[in-house]
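Peer 1: Let's see this in three dimensions:
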Amino acid sequence: MKSQLQDVQTILDKLRARLERSIGSAGLRVPDEVLGLIMEEFCSDPNKRFSGYLSFARKEIVLSHVCRRWRRIAVSTLVYGHTL
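Peer 2: Sure, this is the predicted structure:
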């Protein structure tokens, strides 16, 4: 179990780093409303899944752990949309 948690933490760290690089290097930021719609679409499609150790996790939870902004958007979008 501890090993799986470490693996999940490593994956989350990589996602955070990738997000920071993409936002920082391109200077682009997807508006919150658009990101919320993307999250809704991803979470509502049962055929879209994470692979590896994240395959057991709920998509909404994983998305909400990328960064503070994603958490805020996921909670406001997915909770009020009754997806969480």
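
Peer 1: Tell me where this structure is predicted with low confidence.
Peer 2: Where the chain drops to pLDDT under 70, the residues are 22-28, 79-84.

Peer 1: how about the residue most central in space within it, what does it touch?
Peer 2: In the chain, the residue lying closest to the centroid (CA atoms, centre = their mean) is residue 63, at 1.9 Å. Going by CB atoms under 8 Å, 6 or more residues apart in numbering, residue 63 touches 39, 42, 43, 70, 74, 78. The C-beta positions use only the backbone N, C-alpha and C, and glycine is treated the same way.

Peer 1: Can you list which of those are found in helices?
Peer 2: If you go by DSSP state H, these have 39, 42, 43, 70, 74 in helices.

Peer 1: By neighbours, which of those wins?
Peer 2: Top of the ones in helices among the contacts of residue 63 by neighbour number is residue 74, holding 25 neighbours under the definition other CB atoms under 10 Å.
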